[in-house]
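Q: Any chance you could fold what I've pasted below:
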Amino acid sequence: MLDDKNNRDSLCSCDKKKIDSFMESVEEEIRNENWQMLWKKYGKFITYLSAAILIGVGVYSMWQKRSQADIEAISTRFSSIQNAIMSGNVESYIPQIREMSNVPKKDYAILAKLEYAAILRDKNDRSCMDQYKMIFEDKGVNIVLRDLAYILYVNSCIDFMSASEIAKSIDGFIKELSEKYINGTWPLIAKESLAFCYIKYGEKDLAKQTLESIAKTSGIPVGMEERAKILLYSLEDRI
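A: Sure, this is the predicted structure:
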């Protein structure tokens, strides 16, 4: 009896394995058939998509390397032009600095424009104000460079404008420098520019307050601190 039961269990186990194996083979066939149908329907699309992804990755990688190489080349060229200008060879490098102002890397183009405006200012050319104005009015320029261009514009206006000319703009300068730039990226330079505005405008007390604030600031450049003290002394002497 026990042997018969064991035989039956063994047969059942074998049958179950056969059934399981059969079902697996059927499922495999179905999967293969579905895959073949899918491949027939979408195979070309999948191939094209894969190729496009691979090409895209390759092109992006090449573009990234090329972009980095372009930046390094522009940086090297800009540095060499700056060094030449600082050594006193200005006139011969003006065409190159103008050309640099049109490079596709905008930050370097703006730096070149600032350099060109500085050259014009050194030559007592009032058109430097127009150069600075074009930069700070361009919303596509980095905000830090726009702020710097505005402060340099104000300083140029103080240098080149007559008392009657500057009287028409001074309130705007004071408002902008007080409200926007004093607590921004260029606080000390903006404060110094503000003090110059007050001096030119005849507001001696406000100029003194601003200069005292600069002189009391810890960690500022020695030149700026000394300049503030000298201006304070000159204002005291006038009163």
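Q: what's the following helix or strand after the worst-scoring helix or strand of the chain on mean pLDDT?
A: Lowest on mean pLDDT, DSSP states H and E among the helices and strands of the chain sits helix 2-86, with a mean of 53. Under the assignment DSSP states H and E, the closest C-terminal helix or strand after helix 2-86 is helix 94-100.
Q: Against which helices or strands is that following helix packed?
A: Contact here means 3 or more C-beta pairs under 8 Å, 6 or more residues apart in numbering; DSSP states H and E; on that basis helix 94-100 packs against helix 2-86, helix 106-122. No exception for glycine: its C-beta is placed from N, CA and C like everyone else's.
Q: ok, and for it, which residues are buried?
A: Buried positions in helix 94-100, judged by neighbour count with 16 or more other C-beta atoms under 10 Å: 96-97, 100.
Q: repeat for stretch 134-147
A: Buried, per 16+ other C-beta under 10 Å, within stretch 134-147: 135-136, 141, 145-147.
Q: Render the CA-only coordinates of that stretch in CSV, please.
A: What follows is stretch 134-147, C-alpha atoms only, in CSV (Å, rounded to 0.1, in the frame of the first residue of the first chain):
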residue,chain,number,x,y,z
MET,A,134,25.1,100.6,-23.1
ILE,A,135,26.5,97.9,-20.7
PHE,A,136,24.3,98.7,-17.6
GLU,A,137,21.2,99.1,-19.8
ASP,A,138,21.6,95.6,-21.4
LYS,A,139,19.4,93.2,-19.3
GLY,A,140,21.3,90.2,-20.8
VAL,A,141,24.6,91.2,-19.0
ASN,A,142,25.6,89.6,-15.8
ILE,A,143,24.2,91.7,-12.9
VAL,A,144,27.6,92.1,-11.3
LEU,A,145,29.1,93.6,-14.5
ARG,A,146,26.0,95.8,-15.0
ASP,A,147,26.4,97.2,-11.4
